[in-house]
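**Q** got a predicted structure here, sequence first:
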Amino acid sequence: MKRLLKRIYSTLALLGIDPKKGYHFLRGFLPFWRDLQLFKQQQTNRQTDSKALTHIENNNEADTRFPISRLYPCLGDRFAASGTGRGHYFHQDLLVARRVFLNQPERHIDIGSRIDGLVAHLASFRSLDVLDTRPLESSIPGVTFIQADFTAPLPAHLIGRYDSVSCLHALEHFGLGRYGDPIQFYGHLDGFENLYQLLEPGGLLYFSVPIGPQRIEFNAHRVFHIQTLLNWFHNKFSIDRFAYVDDRGDLHDEVDLSRDGISNNFGCHFGCGIFELRKQVDPEN
């Protein structure tokens, strides 16, 4: 039932109908209107109110005069929490930024992660390269940007160049056309091979994708069974660390990859698996 409601909501949102905004309007309009009338009353009484007169005496009167230029109702904020400390992006970006800081690589490149998430976290304490299929219109100190299709063969100068690579919640999109990239059914496999090629032997890959029953929800993303991912890693990477974000948005860090957990994707339908992988020095051994 919950999944059905999510599908109905996403369909309405595609049509420009946001049920959440409608709900917040119905719930929040009356408190907003009451606050507005009280605020206007205080504005009118500013010449007789003792607190207002004290402010006027202590400041230039012009500094205390604020006309209401227009109404800009924010009807849902009074019912929201102070912030969000859960979800795929919040946990993965913070966790991986901490790991990169602790590991102190020489050369780091990010592939397709959020600019206002992981990239911003990393740029706060180090320089890095960033590659994405879409253009980056902002100039960010410490960030060297490369625009490229990451499913295409890598230029020779990038092969084995980095001792640290991140790709968070990005690979699942490759080849689905969502971001204007070419349609490629196996684009995710081409992209993963390129992640491997970027790294020098012994280098670290910070990697996350949605986990759950394996499927494509076109053209949003793929969802991967954990066993599929483990098959990719075989003879290429060892797993230094595994964490996941469950369907409720809570983080489980330093998790043992048990057989039962792998078989049922740790109970996730749409979770997020976060891996710290080390490129094998000799993939044949």
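**A** The structure has been received and is ready for your questions. Residues are numbered from 1 along each chain as shown.
**Q** and the strands in the chain, which stretches?
**A** Taking DSSP state E as the test, the strands found in the chain are 108-111, 128-132, 143-147, 162-168, 199-211, 215-217, 221-223, 237-245, 251-252, 271-279.
**Q** let me have those strands in CSV, extended by mean neighbour count.
**A** The C-beta positions use only the backbone N, C-alpha and C, and glycine is treated the same way. What follows is those, written out as CSV (neighbours: other CB atoms under 10 Å):
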stretch, mean neighbour count
strand 108-111, 24
strand 128-132, 21
strand 143-147, 14
strand 162-168, 25
strand 199-211, 22
strand 215-217, 13
strand 221-223, 20
strand 237-245, 19
strand 251-252, 18
strand 271-279, 23
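**Q** now render those as TSV, adding mean pLDDT and distance to Leu5.
**A** Rendered in TSV, the data for these read as follows (pLDDT from 0 to 100; distance: least, CB to CB, whole Å):
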stretch	mean pLDDT	distance to Leu5
strand 108-111	98	34
strand 128-132	98	33
strand 143-147	97	38
strand 162-168	98	28
strand 199-211	98	20
strand 215-217	97	16
strand 221-223	98	19
strand 237-245	98	21
strand 251-252	98	25
strand 271-279	98	19
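**Q** got TSV for these, with distance to Leu30 too?
**A** Conversion of the strands of the chain to TSV gives the following (distance: least, CB to CB, whole Å):
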stretch	distance to Leu30
strand 108-111	46
strand 128-132	45
strand 143-147	46
strand 162-168	42
strand 199-211	40
strand 215-217	39
strand 221-223	40
strand 237-245	37
strand 251-252	38
strand 271-279	39
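**Q** nearest to Gly117, out of these?
**A** In this view, the strands of the chain are compared for proximity to Gly117 by CB to CB, and strand 162-168 is the closest at 7.7 Å.
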